[in-house]
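Trainee: Pasting a predicted model and its sequence here:
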Amino acid sequence: MRAGLAKDIIPIMFEATKVSGVFEKMPKKMRGIYWMKGNGVAEELTITHYSQWFPEHEQMIVPFAPFMWAWPGGRPKNAPFGGALYSQ
């Protein structure tokens, strides 16, 4: 596992998942990295522009692929639900 500060990890995640031919097909408002603040599960950051958008159904299919999710290294102070779903 690699660890780092969110400010350092975000550009790495963004570039690693910006695949030509996929990125351009995602609507601009759905591209990017999202901070999962308040999420009860331990995910901290997620990225969506590696997904596929089907405009005729207004549906987005999100794969689980490398560099799409980031988790904290431990239990953050004030974690949701007392940190029940976080590691020590």
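Mentor: Yes, it's here.
Trainee: pLDDT wise, what is the most far-flung residue of the chain relative to its centre at?
Mentor: The C-alpha centroid of the chain is most remote from residue 56, which lies 24.7 Å away (CA atoms, centre = their mean). pLDDT, residue 56: 95.
Trainee: Could you find the closest non-adjacent residue to residue 72?
Mentor: Closest residue to residue 72 apart from its sequence neighbours, by CB to CB, 6 or more residues apart in numbering: residue 44 at 5.3 Å. Yep, even glycine has a C-beta here, placed from its N, CA and C like the rest.
Trainee: Please list all residues in contact with the one you found.
Mentor: Residue 44 sits next to 6, 35-36, 70-72 when contact means CB atoms under 8 Å, 6 or more residues apart in numbering.
Trainee: Buried subset of those residues as a ChimeraX selection?
Mentor: Selection of buried members from these for ChimeraX, criterion 16 or more other CB atoms under 10 Å:
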select :36,70,72
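Trainee: Throw the contacts of residue 44 into a markdown table and include pLDDT, secondary structure and distance to residue 16, thanks.
Mentor: Below are the contacts of residue 44 laid out as a markdown table (pLDDT from 0 to 100; DSSP: H, G, I helix; E, B strand; the rest coil; distance: CB to CB, whole Å):
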| residue | pLDDT | secondary structure | distance to residue 16 |
| --- | --- | --- | --- |
| 6 | 84 | helix | 15 |
| 35 | 88 | strand | 18 |
| 36 | 83 | coil | 18 |
| 70 | 88 | strand | 11 |
| 71 | 84 | coil | 16 |
| 72 | 81 | coil | 19 |
